[in-house]
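Colleague: give me coordinates for this.
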Amino acid sequence: MQPEVERELVKKCRAGDARFYEPLVRAYEPQGLRLALGMMGNMEDAQDALQEAFVKAFQSLGRFDTRRPFGPWFFQILRNQCRDNLRSRRSRFRVEVVDDGIGELKPDTTPGSSRRERERSEARRILWKGLEQIADEHREVLVLKELQGLRYQEIAAVLDIPEGTVASRLYHARRALKEALDEMGVAYP
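Modeller: Prediction:
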């Protein structure tokens, strides 16, 4: 969504017309769900965190700086909401993710499914099992970079850290994931 369109939508919401919030929700919901799913580990908790983050963002629109893009600001709210939910519920990361980050991750063993599809499904299951083993701050930076495809600058904005710290965390996160996969006995190129 264009920054000028976002600014206009926020201004109309601030003026009391809440229906202009819906386009922002629609624009950021898919990416937000993937982020929440990567952090929470299961669809139900991810959807709850996403909904709560949208509510908090709406309630905080008065404090939003319209000179900045909406996305990184919202993703920071979502990240904090996920962390709060994980702390308060003492949830543990459960793996229930599939291709696009939605649904339960299980190898596709239906007749007619190709060997390649089964291998991809198994690779995803192993990846998420490895992600389950690493620290939250490592998992979140990997989710933002590798699954969300965000650039360092965008990750820095979401996590509210310098870009150099993003690079450092990614290095350590990748190392931690490699070690977790090594401990699982996973061979990779």
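
Colleague: ranges for the helices of this protein?
Modeller: 3-14, 22-40, 43-59, 70-89, 115-132, 136-142, 152-159, 163-183 (DSSP state H).

Colleague: next, the angle from the first one to helix 22-40.
Modeller: Same thing as helix 3-14. With axes from the mean of the first three to the mean of the last three C-alpha atoms, to 10 degrees applied, the angle from helix 3-14 to helix 22-40 works out at 100 degrees.

Colleague: how much space separates Gln51 from Tyr21?
Modeller: 13 Å (C-beta to C-beta, to the nearest Å). Where C-beta positions appear, they are placed from N, C-alpha and C, glycine not excepted.

Colleague: please work out how many residues are found near Leu9.
Modeller: 21 (other C-beta atoms under 10 Å).

Colleague: same check, this time on the one 3 residues further on
Modeller: When neighbours are defined as other C-beta under 10 Å, Lys12 has 14 of them.

Colleague: low-confidence stretches in this structure?
Modeller: The model of the chain has pLDDT under 70 over residues 89-113, 187-189.

Colleague: contacting residues around the residue nearest the centre of the chain?
Modeller: Nearest residue to the geometric centre of the chain (C-alpha atoms, centre = their mean): Leu35, 1.1 Å. The contact partners of Leu35, by C-beta atoms under 8 Å, 6 or more residues apart in numbering, come to 75, 78-79, 82, 143-144, 148.

Colleague: let's see 7 Å
Modeller: 75, 78, 143-144, 148 (C-beta atoms under 7 Å, 6 or more residues apart in numbering).

Colleague: what subset of those is buried?
Modeller: 75, 78, 143-144, 148 (16 or more other C-beta atoms under 10 Å).

Colleague: Asp45: which of those residues is nearest?
Modeller: Distance to Asp45, by C-beta to C-beta, is smallest for Leu78 among the buried ones among the contacts of Leu35, at 12.5 Å.

Colleague: not counting its neighbours along the chain, what's nearest the closest one?
Modeller: The shortest distance from Leu78 to any residue other than its chain neighbours is 4.0 Å, reached at Ala53 (C-beta to C-beta, 6 or more residues apart in numbering).
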